[in-house]
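In: Below is the sequence, then the predicted model.
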Amino acid sequence: MLALVVFLLCAASTVSASTKGEWVDGVAAGPRLNNNQLYKLRYTTEVLLDRARGSREGSTGYRISSDVAVHLVWRGPSSKDDQLIQLAISNVRLEPAAERPEKKNVLHGATTESILGKNKLAALTKPFLVHLKNGKTKAFYSYWAEPATIKNLKRGLVSLLQFQLYSGKVVENDVSGRCTVQYQATQGQVTRTKLLETCKASEAGFTTHSKVLGVSKKSSSVTVFRLEDGFIKTAEAEETHTLAVNARRSAATKVTSRQTLVLVGKDAGPPERAGKDVTGVVTSIDDKLAAVGIAAEKVKSKCKGCPSVSHINFCPLALETKQIPAEENNFLINFQNYKYASQNGRLQTTYGEKPSLSKATAPRSFLALIQSIRKASKDEILKVLKSASKTALPQAVDAVTSSQTPASLDAMLEFLNFTDAKGLVLQERFLYACGFASHPNERMLQALLDINKGKIGSRDIKESVVIIMGALVHKLCLKGSCSLPAVMQAKKLILEGPESTKDEAEVQMYLLALKNCLLPEAIPILTKFAESEVGSYSIIALTALQRYDVGLMTSEVKQTVNRVYHQNLRIYEKNVRAAAADVILSSNPSYMEVKNLLLSIGNLPHEMNKYMLSKIQDILRFEMPASKVIQQAMKDMISHNYNRFAKVGSSSAFSGFMARSADLTSTYSLDILYSGSGIMRSSNMNIYGSSNGAMLHGLQVAIEAQGLESLIAATPDAGEEDLESFAGMSALLFDVQLRPVTFFKGYSDLMSKMFSMTGDPINVVKGLILLTDHSEVIQLQSGLKVSSEFQGGLAIDISGGMEISLWYRESKTSVNNRYSLVVAGNVTVDMDFLRAGVEVSFETEASLDFITTVQFSEYPFLVCMQMDKATFPFREFLSKYESTSSGKIVTSRRSRKQLVPGSEFPLHQENSNMCNKVFDSSW
């Protein structure tokens, strides 16, 4: 038995030693060179860029070919796998990666020296050294003075010399960074699979926090080594990266990088050098050689003739996109009436006077300006802001804030004066852009905290500051930054806020901030305010609870919400009870909770009976999560019978699909609740988007009205006799709750606005939003770098209105949505002397109107709901370009356009019948 234990221990030790690379019995751990021998190899590296499903022939990119001479300089005395190797590149050739006509060949007529330049070519062909130990690169020796691009190309070649001769998973350092690598070794062949998602590189990027609006990437890297006499016979590497917009995966780009190293012959080589260690040997060869690191260096692109942002006047409209050479304009700025003056290297632009957010040119110009601002200084940005016209300034504020750089934030804070109430529009545009920030940081939140501590001229701005603070806290906590000092300070302010004041508007402000931040520790606070005597507090608290994950809905929360719905402690307004019902039905309800809801139908106020009935039917028809337990409860005839399910009225709840595809599913819901007198009590429109298992609350527009029964001499419903006349609208956009807008408050305000009412809608939110924002640098194994940027800009204009005609005894509410969207993805390989890129983009311009018409001249009153989508264009673009440092450029551009027919979204049949009656009577 003892002998068996000893044997197992010895076996384990042997396996452990070989796993660490200390190969036993003289067997090589990695490539091993022979003494006094020169290895002649042919090296090729190429990169191809195209759309995801493109062909090699249609790709853009280039190939670098060369000869490589390799020989052993020194071998360690204690191990044959401790080697210092010299590599020398010669006979360098540059050519397109795919065959193309002369007119489309940016390299036609050029020599390698004319493209690289004499100095870069000399640097590339200068010999360099690599220290290999057990098949792993321990040091890379070159010259600090060499350009980073040249050193990176050499590092890419070195990556093909690093491998091990046994299977297993290890962590390696190479030009890509520190990566986990899987080896599979067979006789005469080794396959190396690099797990690129594990690579830790020095250049970090950023991406949008929402997966629905974000970009996904799939990558692979496989190298196959075929060996002969202990060294490489052939090495073939292929690395691919595919980046796609989650919401539309056809908007995707693909990068393919290939490396080939082939042994073409052997010759007599220089003798091995004597020396005790590597450092001494390297110094004896050339004391200027230095260990410059194996990981890739950052490469700064040099732009010829790039205009400073201070030379750019912001253009509110850009009519055409034109691909500009990177050497001429590194910012890719698109403006209306674009003119490029090559003689002085500056942009000249002329603009229209009035901006239009409903055209795709607005977000395209917005995205272009963001690119410029991200490379600009604070002083340059301030110069642009101060010189912008009044019509263009709001859009400039959107772009500067969305840029999310330290310089842009400093410029905005200096430009805006929050003590001046007249600057409300620009101040709120700044705050909303902060709320929609794709990758906010602690500094942005700290800026809002500092603004809140100072003097603020407008109460509306004070409310927006705190509400948006909640949105920033939520996004920072999602990134794992919940413990940052500014986040902790903001959390304390928001969590303690509702109890710190008696002012109704301030309490609502803090509750809306809690609705945005979605902190688990806020649930007890929201649960308490759900039972408040003030209806507005209850509504905000209940709608906030509905946004939380179902797993956080404890029995205590559920008991509270059920008490509100069933009015166990006090009488509540109808819209509060409706909100409580929504929370119950969306929080994994139990059988008894559903049964009690069903039993309540028939004992509710007239219109609420109809609303709850419609809600239950909508859940069953749309097969929502609660549908199964509802079906189970409805088997009981006491809960489900004709008396309960035959209630009539005008209130309704309906859900449907706006769009369904393999990439994205978009749904809508329309809930509307009336008072017994026929006046709308609440209207709620929601639009959701889901992709890759992630959900985004794209839009919520809620209109509330109360205390209007006196206008038509009607009797208020129970519990609503003393309500003050009020109407207002609240919007939630892309998971961010915005400051509500009041139409009127109080009887005198109501009467004055009724007699001065023009029918024009009141703006709720208007501006430009950076929806998608993805930026990363992909370090290829070949030493080349790929810059990837995907951005999506949305120009949006949401307005709403409410009209009441006592003469015609008719009311009309409307929610108008106008928007234009541009999403563009640009992938570029830039080597200073040669550049190639591909851009995929799509754009659209659309509108969505929700109109509710109520005629209360007789009972039952007539209600017609309409949700219309107008015909809209959809355009897709594909651009490819190649350019040299001399300014020569070749571009190609393809586009596809289509018109998507408009439609009226279906609602329930009762609504269709009612609309026929309304318009027949109107006619």
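Out: The structure has been received and is ready for your questions.
In: only C-alpha atoms for contact and neighbour calcs from this point on.
Out: OK.
In: For the chain, name the helix or strand with the lowest mean pLDDT.
Out: strand 339-341 (a mean of 28; mean pLDDT, DSSP states H and E).
In: Give the buried residues for the helix or strand encompassing residue 919.
Out: If you go by DSSP states H and E, residue 919 is part of helix 909-922. Across helix 909-922, burial judged by 16 or more other CA atoms under 10 Å covers 911-912, 914-915, 918.
In: which one among these gets closest to residue 202?
Out: residue 911 (59.4 Å; CA to CA).
In: need the contact list for the residue lying closest to residue 705 once chain neighbours are set aside.
Out: Of all residues beyond its chain neighbours, the one nearest residue 705 is residue 727 (4.2 Å), with distances taken as CA to CA, 6 or more residues apart in numbering. Each residue near residue 727 by CA atoms under 8 Å, 6 or more residues apart in numbering is listed here: 703-706, 742-745.
In: I'd like to know which of these are buried.
Out: 703-706, 743-745.
In: Now do the helix holding residue 919: distance to the chain's middle.
Out: 42 Å (CA atoms, centre = their mean, to the nearest Å).
In: avg pLDDT for that helix?
Out: Averaged across helix 909-922, pLDDT comes to 77.
In: related to what we said a few turns ago, give me the sheet partners of the helix or strand hosting the residue nearest to residue 705 and which way each runs.
Out: Using DSSP H and E, residue 727 falls within strand 726-733. Applying DSSP bridges, strand 726-733 is found paired with strand 694-706 (antiparallel), strand 736-737 (antiparallel), strand 741-745 (antiparallel).
In: Now render those strands as JSON lines, adding distance to residue 658.
Out: Shown next, in JSON lines, are those (distance: least, CA to CA, whole Å):
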{"stretch": "strand 694-706", "distance to residue 658": "12"}
{"stretch": "strand 736-737", "distance to residue 658": "21"}
{"stretch": "strand 741-745", "distance to residue 658": "27"}
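In: Format those as JSON lines; extra columns: mean pLDDT.
Out: JSON lines is the format used below for these (pLDDT from 0 to 100):
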{"stretch": "strand 694-706", "mean pLDDT": "89"}
{"stretch": "strand 736-737", "mean pLDDT": "95"}
{"stretch": "strand 741-745", "mean pLDDT": "77"}
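In: out of those, which comes closest to residue 442?
Out: The minimum distance between residue 442 and those falls on strand 736-737, with 18.0 Å, by CA to CA.
In: so how far is the helix or strand harbouring residue 70 from its chain's centroid?
Out: Here residue 70 sits within strand 60-75, counting by DSSP H and E. Centre-to-centre, strand 60-75 and its host chain are 40 Å apart (CA atoms, centre = their mean).
In: So the residue nearest to the spatial centre of the chain: helix, strand or coil?
Out: For the chain, the residue nearest the mean C-alpha position is residue 208 (2.6 Å; CA atoms, centre = their mean). Under the three-state scheme (DSSP: H, G, I helix; E, B strand; the rest coil), residue 208 adopts coil.
In: so it makes contact with residue 214?
Out: Yes: the criterion here is CA atoms under 8 Å, and residue 208 meets it with residue 214 at 5.4 Å.
In: Any stretches of this structure with poor pLDDT?
Out: For the chain, applying pLDDT under 70 flags the ranges 1-27, 301-356, 709-713, 747, 749-761, 806, 858-860, 921-923.
In: Give me the next element, helix or strand, following the longest helix seen in it.
Out: Ranked by number of residues, the top helix in the chain under DSSP state H is helix 459-478. Tracing the chain C-terminally past helix 459-478 and defining elements by DSSP H and E, one meets helix 485-496 next.
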